[in-house]
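> Provided below are the primary sequence and the corresponding predicted coordinates.
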Amino acid sequence: MRAGNCSVREQNQTQTWRFTTCNCNPCRTFIAKEDIHILVRSKRPSLEEAEGFPEDQIIDVFKLKLLWIAEEFISEADEEDGVHMEDVAEDYVNEFINHNMIQIELLSQGGQVLICRVHDLVRDLAKEKATEHKILGIFDSTINKDIVKRDVEEVKLMCTRFSYLKVLDLTSVRSSEVIPDEIGDLILLKFLGLMGGIDEDVLVIPPSIGKLKKLQTLCGSRYYHTPYKHPKEMCELKEIRHLMFYTIDGKMNIGGDQTKRQTINCISYAELHHIDTINWTNLHTLKITGSRGKEGEFYSLESIANLTNLQTLSVYME
C-alpha cells in the first residue's frame with residue numbers, strides 16, 4: 001500500500017509524518033519520529049531488517065522473526081515459563097502493528113499475522129538506519145547477465161571476507177550445480193537460506209554444513225522447487241530450530257537428539273519411522289512427504305504421539 005498526500009509538520013518540537021492511505025479506507029495514519037527512533041534502536045527487533053526485502057514486496061512474518069532471532073535482537077535469555085524466542089518475536093510484530101509501522105496483508109484463521117508490508121516511508125527510514133549502522137549489505141546479481149557464475153563466486157567471496165556473518169539469505173539466488181564448501185567457514189551463522197538450482201536439478205548440501213554449530217534456521221529456496229540432498233553431518237547441528245525445505249532428495253539425516261527443533265518441513269515417511277522422537281517436545285510444525293514404503297513394508301505414525309507441542313501436521317503421501 002502506498003502513501004499519498006505526505007506532509008511534515010511541527011508539533012511540540014517533535015516532527016510528525018502524516019499521510020493518508022490511498023485505498024477505500026479514508027483513515028489517516030500518524031507515525032511519530034520519536035516512535036521510529038524507539039522501534040529501530042539497537043538491542044531489540046528492528047525494521048532495519050525489512051530494508052533487505054525488495055521494495056513493494058510482501059514480507060513473510062515468520063521469516064522476519066527468525067531474522068530478528070538470528071541477529072540476536074532476541075536471545076534464549078528471553079525464554080521463560082515455556083515462552084520461546086519466537087513467541088517474544090511475535091509480541092514485537094504486534095508492537096510494530098500497534099505503532100502503524102507495518103501493514104497487515106494476510107491473517108491466519110486464528111488471527112496471527114502471516115504476511116505484512118512495510119510503509120514506503122518507514123522502509124526509507126529503515127534503509128537510512130541500516131546504511132548508517134552498516135548492518136546490511138545487498139548483492140544485486142541482476143546487474144550482470146552472467147548471473148549463475150557470478151552468484152557462486154559472490155558466495156565464495158562472502159564466505160572468505162565476511163566471516164562474522166550471522167545471516168546469509170540466498171533463497172532468491174540461482175546456482176549452477178554447486179553449493180560452495182566455503183559455506184561451512186561461516187561458523188557464526190544462525191540463519192542460512194540456500195540458493196536455488198537450475199531446471200530443478202538436485203543441489204548437494206556440502207558436509208561442511210556440520211561446522212555451523214550455532215545454526216538455528218536452515219531453509220531451501222521456495223522459488224525454484226530445488227530438491228536438496230542432505231549430508232550425514234546434518235545431525236551435528238544441535239542448535240537447529242527450523243528446517244524448511246519444499247523438496248528433498250533422500251533423507252534429511254537428522255537425529256532424535258536435536259531437541260531444540262520446532263519446525264521440520266519436509267521429512268520422508270520412511271525416515272521419520274526410524275527416528276526416536278521422544279525428545280522432540282518442542283516440535284510444533286511437521287510436514288511428512290513421500291511414499292508408504294516398498295511393497296509389504298508398513299510404517300506407523302505412532303511416534304507422533306511423542307510430539308506433545310505439535311500444532312501443525314501436514315502429510316503428503318503418494
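Sure, I can see it.
> where does residue 117 fall, phi/psi-wise?
Main-chain dihedrals, residue 117, degrees, to the nearest 10: phi -140, psi 140.
> show me the contacts for the nearest residue to it once chain neighbours are set aside.
Closest residue to residue 117 apart from its sequence neighbours, by C-beta to C-beta, 6 or more residues apart in numbering: residue 103 at 4.7 Å. Placement of C-beta: from N, CA and C, glycine included. Taking C-beta atoms under 8 Å, 6 or more residues apart in numbering, we find residue 103 in contact with 1, 116-119.
> Tell me which of those residues fall in helices.
Of these, none are assigned to helices by DSSP state H.
> circling back to that earlier point, show me which positions of the helix or strand the residue nearest to residue 117 falls within end up buried.
Taking DSSP states H and E as the criterion, residue 103 maps to strand 102-107. Of all the residues in strand 102-107, those buried under the rule 16 or more other C-beta atoms under 10 Å are 102-103.
> May I have stretch 249-257 as CSV, with CA atoms only?
C-alpha atoms of stretch 249-257 as CSV (Å, rounded to 0.1, in the frame of the first residue of the first chain):
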residue,chain,number,x,y,z
ASP,A,249,16.3,-35.8,-2.3
GLY,A,250,16.6,-38.8,0.0
LYS,A,251,16.9,-38.3,3.8
MET,A,252,17.2,-35.2,5.9
ASN,A,253,19.7,-37.1,8.1
ILE,A,254,18.5,-35.6,11.3
GLY,A,255,18.5,-37.3,14.7
GLY,A,256,16.4,-37.6,17.8
ASP,A,257,18.9,-35.7,19.9
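> Need the mean per-residue confidence for that stretch.
Mean per-residue pLDDT for stretch 249-257: 92.
> Where does pLDDT dip in the stretch 101-250 of the chain?
Where the stretch 101-250 of the chain drops to pLDDT under 70, the residues are 134-151, 175-176.
> so where do the helices sit in it?
120-133, 147-161 (DSSP state H, counting those that start in this stretch).
> Please dump these into JSON lines; it should also carry distance to residue 91 and mean neighbour count for every row.
Converted to JSON lines, the helices of the stretch 101-250 of the chain look like this (distance: least, C-beta to C-beta, whole Å; neighbours: other C-beta atoms under 10 Å):
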{"stretch": "helix 120-133", "distance to residue 91": "19", "mean neighbour count": "17"}
{"stretch": "helix 147-161", "distance to residue 91": "32", "mean neighbour count": "16"}
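> nearest to residue 183, of the ones you listed?
Minimum separation from residue 183 across the helices of the stretch 101-250 of the chain (C-beta to C-beta) falls at helix 147-161, 6.1 Å.
> Report the separation between the most centrally placed residue in the chain and residue 238.
Residue closest to the average C-alpha location in the chain (C-alpha atoms, centre = their mean): residue 63, at 3.1 Å. Residue 63 is 22 Å from residue 238, where distance means C-beta to C-beta, to the nearest Å.
> Check residue 258 too.
Per C-beta to C-beta, residue 258 is found 6 Å from residue 238.
> try residue 117
Plainly put, residue 117 is 36 Å away from residue 238 if you go by C-beta to C-beta.
> show me what contacts residue 169?
Going by C-beta under 8 Å, 6+ apart, residue 169 touches 52, 67, 191-193.
> any idea where the strands of the stretch 51-200 of the chain begin and end?
Secondary structure of the stretch 51-200 of the chain (DSSP state E, counting those that start in this stretch): strands at 59-60, 102-107, 113-118, 167-169, 191-193.
> Relative to the whole chain's centre, how far out is stretch 194-207?
The chain centre lies 18 Å from the centre of stretch 194-207; the measure is C-alpha atoms, centre = their mean, to the nearest Å.
> Just give me the neighbour total for the closest residue to residue 159 other than its chain neighbours.
Distances taken as C-beta to C-beta, 6+ apart place residue 182 nearest to residue 159, at 3.7 Å, with adjacent residues excluded. The local packing of residue 182 (other C-beta atoms under 10 Å) involves 15 other residues.
> what do you get for residue 97?
By other C-beta under 10 Å, the residues close to residue 97 number 15.
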